[in-house]
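A.B. asks: This is the structure alone, sequence omitted:
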């Protein structure tokens, strides 16, 4: 047998195997092409510049809803599906790939008739044909879900970044070696470095001054514990602030944490406000105590003065009795001066409010101030022109100025400089001074070059009876009087000082738009010769007896009653009651309410109110605004006579 005869069957078998293999491959490839979710394509750019799609897989019609046969002769319908904003870049990338025979890779959007807007990723390789055309072999994948996931991820990251950046605290994230992973802008501003400078750096390389308790908190945080604390922080600018901080572990892998996150909040302002609030509460409590003491003490002084004046009239010709009673009255007036200072501190004194120019008060007090100051003290006035008006008691403001200047004088025993200045001050939300709310104020500043005030006692200097002077050198009521007058005038007062560096006292009073208030009514004293009746109502029986002992000398028929008996007495009295003299603050019916009830029985009733202090009841019931005369205890017979005359003269 020839060799050809031996080879021929083998060749036939090989051809049969090849045909079966090609057929299988076509079926496999065809199945893959038909079932592929992406579009497999060939794309031709002809030598004439025309675009065609000779071959596309069935997914083209299924996904995009266009005819494969139509695109085989003209690719224009496929280009019409591309989003108008993306079409120029797609055409440019195809042209560059065809010209350079480079791989084509492009992401773009299409408006699919069946599915709406889709994101497509296109990839292909290209080759030049003999006729000059360029043929691309590639595929198109739907990447819409991936794009949506990426977009959602970017949005989440942006939201997280916005949350971090707009959080009211400073935030920094560290790995287990305390190297920066991320930090907020507030943190970067706190440490004085940008994010690019911090990323990857070790925290302790920059914050070498961290206290041991802060480092211990970091160690506990890395061990999985949440730690909080508070302490001082020295910023890059050298300014020391108070910070509250929290250390939190993150990334627990079951064996150890990935690092720590530190949250840090500047609480300097909050702690200052808390201190101010505590101080205000303490001053309010002291004020209530001082006001209560002054009220009771004034009642005692009223009794002493009242009976002393009666004795003075009874023993007119007795020089010895006259001398002794004069000493008693002098002591009573001195004690009354102390109680007035206590009432000023407790904001329970009567103020004669008027619209005034603070510069006028300073100018009118200036001569007195020069006499009070030592010759070795230089005295300067720096008054702003066109100063805003304020509503206050001019006499009380003069007392404020005198007390502040005397305090400055005592701080400069060897001489120095004293400056008094005024200016208009507009406070907004952005104002850094936490002492004042937003508004318009007139500021009075009294500044000296004296010994200054130790920081440890600054918060006590406005307290009553607090003094740094030697025993017998001062009562400790000067600055407390200033505090009370200013606060009762709805103003603010504070001091800035340091040891051996002088002191600056600042008083701010609110600007007013009110017109000038009416002046007090001046009358001549009325005499009655027993033809008029006065009803005196007081809850303290001793004060009641002392006041009633005054009135016969003024020619009145006197009726007296305790608060609980006053209405019954007024109803049963057969004659007319011309005038009611009543304490303002009493159990049961207070003075104003009692006056209303008795006026219903006596329409022509006039009233005079008296009190050991000005209480909330006076303000609530409009005693001062009503125009009814008011007597501050303790008062003299002459003062009582003047107020009664004023009341009877009213129409």
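C.D. replies: Noted; the coordinates are in hand. Because the structure is predicted, anything quoted here is derived from the model rather than measured.
A.B. asks: hey, let's count contacts and neighbours off CA atoms from now on
C.D. replies: Will do.
A.B. asks: Please look at residue 493 and residue 483 and confirm they touch.
C.D. replies: Yes: using C-alpha atoms under 8 Å, residue 493 is in contact with residue 483, at 6.5 Å.
A.B. asks: Looking at those two, which has the bigger crowd around it?
C.D. replies: Under the criterion of other C-alpha atoms under 10 Å, the comparison of residue 493 against residue 483 puts residue 483 first, with 27 against 21.
A.B. asks: State the helix or strand in which the more buried one lies.
C.D. replies: helix 478-488 (DSSP states H and E).
A.B. asks: The helix or strand just after that helix pairs with which strands, parallel or anti?
C.D. replies: The helix or strand immediately downstream of helix 478-488 is strand 492-497, counting by DSSP H and E. In the sheet, strand 492-497 lines up against strand 503-510 (antiparallel) (DSSP bridges).
A.B. asks: what residues does the strand it pairs with touch?
C.D. replies: For strand 503-510, the external contacting residues (C-alpha atoms under 8 Å, 6 or more residues apart in numbering) are 390-391, 404, 408, 439-453, 486, 489-497.
A.B. asks: just stretch 132-144 next, same as before
C.D. replies: For stretch 132-144, using C-alpha under 8 Å, 6+ apart, the contacting residues are 37-47, 98, 118-129.
A.B. asks: Read off the pLDDT value for the residue nearest to residue 42 when sequence neighbours are not counted.
C.D. replies: Leaving aside its sequence neighbours, residue 42 sits nearest to residue 137 (C-alpha to C-alpha, 6 or more residues apart in numbering; 4.7 Å). Per-residue pLDDT puts residue 137 at 87.
A.B. asks: now residue 390
C.D. replies: The confidence metric pLDDT takes the value 92 at residue 390.
A.B. asks: quick one, what contacts the closest residue in space to residue 576 that isn't next to it in sequence?
C.D. replies: Of all residues not flanking residue 576 in the chain, residue 602 sits nearest, at 6.6 Å (C-alpha to C-alpha, 6+ apart). Contacts for residue 602 (C-alpha under 8 Å, 6+ apart) come out as 576, 577, 578.
A.B. asks: from these, which would you call buried?
C.D. replies: Buried subset of these (neighbour count, 16 or more other C-alpha atoms under 10 Å): 577, 578.
A.B. asks: related to what we said a few turns ago, could I get the phi/psi values of the residue nearest to residue 42?
C.D. replies: When read as degrees, to the nearest 10, the backbone of residue 137 gives phi -120, psi 120.
A.B. asks: what number of residues lie near it?
C.D. replies: Residue 137 has 17 neighbours, counted by other C-alpha under 10 Å.
A.B. asks: now the one 3 residues further on
C.D. replies: Here the neighbour count serves as a burial measure; for residue 140 (other C-alpha under 10 Å) it reads 19.
A.B. asks: If it is in a bridge, with which residues?
C.D. replies: residue 39, residue 122.
A.B. asks: how much space is there between it and residue 88?
C.D. replies: Separation of residue 140 from residue 88 (C-alpha to C-alpha, to the nearest Å): 18 Å.
A.B. asks: Check what pLDDT residue 582 gets.
C.D. replies: 90.
A.B. asks: residues touching residue 405, list them.
C.D. replies: So residue 405 contacts 369, 373, 418, 446 (C-alpha under 8 Å, 6+ apart).
A.B. asks: Can you pull the phi/psi pair for it?
C.D. replies: The phi/psi pair for residue 405 (degrees, to the nearest 10) is phi -70, psi -40.
A.B. asks: now swap in residue 259 and tell me
C.D. replies: Dihedral angles (degrees, to the nearest 10) for residue 259: phi 160, psi -160.
A.B. asks: Show me the beta-bridge partners of it.
C.D. replies: Here residue 259 sits in beta bridges with residue 175, residue 250, going by DSSP bridges.
A.B. asks: Need the pLDDT of it.
C.D. replies: Listed pLDDT for residue 259 reads 88.
A.B. asks: Within its local environment, how many residues does it see?
C.D. replies: There are 24 residues near residue 259, going by other C-alpha under 10 Å.
A.B. asks: same deal with the one 10 residues further on?
C.D. replies: Other residues within reach of residue 269, judged by other C-alpha under 10 Å, total 14.
A.B. asks: mind checking pLDDT for it?
C.D. replies: pLDDT, residue 269: 73.
A.B. asks: Look up how far residue 497 lies from it.
C.D. replies: Going from residue 269 to residue 497 by C-alpha to C-alpha gives 19 Å.
A.B. asks: what's the helix holding residue 483 packed up against?
C.D. replies: With contacts taken as 3 or more C-alpha pairs under 8 Å, 6 or more residues apart in numbering; DSSP states H and E, helix 478-488 sits against helix 319-345, helix 394-410, strand 492-497.
A.B. asks: Please, a ChimeraX command that selects the buried ones among the contacts of stretch 132-144?
C.D. replies: To isolate the buried subset of these in ChimeraX, counting by 16+ other C-alpha under 10 Å, use the following:
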select :37,38,39,40,41,42,43,44,45,98,118,119,120,121,122,123,124,125,126,127
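A.B. asks: Cross the contacts of stretch 132-144 against strands and list the overlap.
C.D. replies: Using DSSP state E, the subset of those located in strands is 39-45, 118-128.
A.B. asks: so where do the helices sit in the stretch 201-350 of the chain?
C.D. replies: 203-206, 212-222, 268-314, 319-345 (DSSP state H, counting those that start in this stretch).
A.B. asks: And the contacts of the shortest one?
C.D. replies: Taking C-alpha under 8 Å, 6+ apart as the criterion, the residues outside helix 203-206 that touch it are 178, 179, 180, 210.
A.B. asks: pLDDT weak spots in the stretch 501-650 of the chain?
C.D. replies: 515-530, 613-627 (pLDDT under 70).
A.B. asks: Helices of that one, residue ranges please.
C.D. replies: Remark: helices assigned in the stretch 501-650 of the chain by DSSP H, counting those that start in this stretch are 541-550, 563-572, 591-601, 616-620, 637-649.
A.B. asks: List the contacts of the residue lying closest to residue 76 once chain neighbours are set aside.
C.D. replies: The shortest distance from residue 76 to any non-neighbouring residue, by C-alpha to C-alpha, 6+ apart, is to residue 51 (7.4 Å). Neighbour list for residue 51: 43, 44, 45, 74, 75, 76 [criterion: C-alpha under 8 Å, 6+ apart].
A.B. asks: Next, format these as a markdown table and append pLDDT and distance to residue 113.
C.D. replies: Formatted as a markdown table, the contacts of residue 51 follow (pLDDT from 0 to 100; distance: C-alpha to C-alpha, whole Å):
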| residue | pLDDT | distance to residue 113 |
| --- | --- | --- |
| 43 | 83 | 22 |
| 44 | 85 | 24 |
| 45 | 86 | 26 |
| 74 | 77 | 19 |
| 75 | 78 | 17 |
| 76 | 81 | 16 |
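A.B. asks: Among the residues you listed, which one lies nearest to residue 531?
C.D. replies: residue 76 (120.2 Å; C-alpha to C-alpha).
A.B. asks: what about that closest one, neighbour count?
C.D. replies: There are 14 residues near residue 76, going by other C-alpha under 10 Å.
A.B. asks: Distance of it relative to residue 415?
C.D. replies: Applying C-alpha to C-alpha to residue 76 and residue 415 gives a distance of 99 Å.
A.B. asks: Same check on residue 571?
C.D. replies: For residue 571 relative to residue 415 (C-alpha to C-alpha), the value is 68 Å.
A.B. asks: What of residue 259?
C.D. replies: Counting by C-alpha to C-alpha, the gap from residue 259 to residue 415 is 62 Å.
A.B. asks: the bottom helix or strand of the chain by mean pLDDT?
C.D. replies: helix 616-620 (a mean of 47; mean pLDDT, DSSP states H and E).
A.B. asks: hmm, who's touching stretch 564-575?
C.D. replies: Contacts of stretch 564-575 (C-alpha under 8 Å, 6+ apart): 537, 560, 561, 577, 588, 589, 594, 597, 598, 601.
A.B. asks: Tell me which residues touch residue 50, please.
C.D. replies: Applying C-alpha under 8 Å, 6+ apart to residue 50 gives the contacts residue 74.
A.B. asks: Check the one 5 residues further on too.
C.D. replies: Listed by C-alpha under 8 Å, 6+ apart, the contact partners of residue 55 are 40, 41, 42, 43, 68, 72.
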